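J.: Using only what follows, build the 3D model:
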Amino acid sequence: MWKGRSGEGLAFCGAACVCCCIVGIILALIGLGIAKIVIGAIHLHDCPLQDLVPIWLIVSGVAPIFFGGSARKQGDDGDESQSPARSVCGVIGLVFNLAWLICGSLWVYPTFGTVNNDDFVPCIGNVTTGCSQDCHKPTLTFAFAMVTIDWIFFVFWCITTLCSFRAICSRSRGGAQISA
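T.: Next up, the predicted model:
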């Protein structure tokens, strides 16, 4: 009599857990985006060694907000069709974010390596010969972490997308075999 009830409870708990995780990830990403904008704006002129690092932080925080409207959204009638302009905007956003992530990697990683090198001598105080321009270390460390996290999320997104396409293809092949 109660055989199906425990399975339904577990399914509900699993669905609630997944929803909470998704909401948590979205809130964390929004928070990281805001932090990128704020830290990049505050330290805009504090990295003469590579002055594009704070700019990268600002743009990488703003871009997802700007292109976020191109996400797929179901209509009221359950139709998932998108306008071509929205799809093109989504592709442009994806390409821009990937290109900007590559640029950030080219600016942040070498600068981080230079500043953390043992023989790096910053031009501070009376030291003016044999030294290099410095970069605000907390900003550079934050940018290094953000580039790394962005790459991790990009790879995760690619894997998720490929798995989704694989599942869709296997369903469509299975449906074609059954109807034939």
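J.: what separates stretch 18-29 from the chain centre, distance-wise?
T.: Distance, stretch centre to chain centre, for stretch 18-29: 14 Å (Cα atoms, centre = their mean, to the nearest Å).
J.: so where's the chain shaky on pLDDT?
T.: Residues of the chain that meet the criterion pLDDT under 70 lie in 1-10, 68-82, 127-131, 174-180.
J.: Which parts of the chain are helices?
T.: Taking DSSP state H to define them, one finds helices in the chain at 3-42, 52-67, 84-115, 137-179.
J.: now these in JSON lines, with distance to P122 and mean neighbour count?
T.: The way it works is simple: take the backbone N, C-alpha and C, and place the C-beta from them, glycine included. Converted to JSON lines, these look like this (distance: least, Cβ to Cβ, whole Å; neighbours: other Cβ atoms under 10 Å):
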{"stretch": "helix 3-42", "distance to P122": "20", "mean neighbour count": "12"}
{"stretch": "helix 52-67", "distance to P122": "15", "mean neighbour count": "19"}
{"stretch": "helix 84-115", "distance to P122": "8", "mean neighbour count": "15"}
{"stretch": "helix 137-179", "distance to P122": "10", "mean neighbour count": "13"}
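J.: Tabulate those helices in a markdown table, adding columns for distance to C123.
T.: Formatted as a markdown table, the helices of the chain follow (distance: least, Cβ to Cβ, whole Å):
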| stretch | distance to C123 |
| --- | --- |
| helix 3-42 | 22 |
| helix 52-67 | 17 |
| helix 84-115 | 12 |
| helix 137-179 | 14 |
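J.: Surely V108 touches T141?
T.: No - judged on Cβ atoms under 8 Å, V108 makes no contact with T141 at a distance of 9.9 Å.
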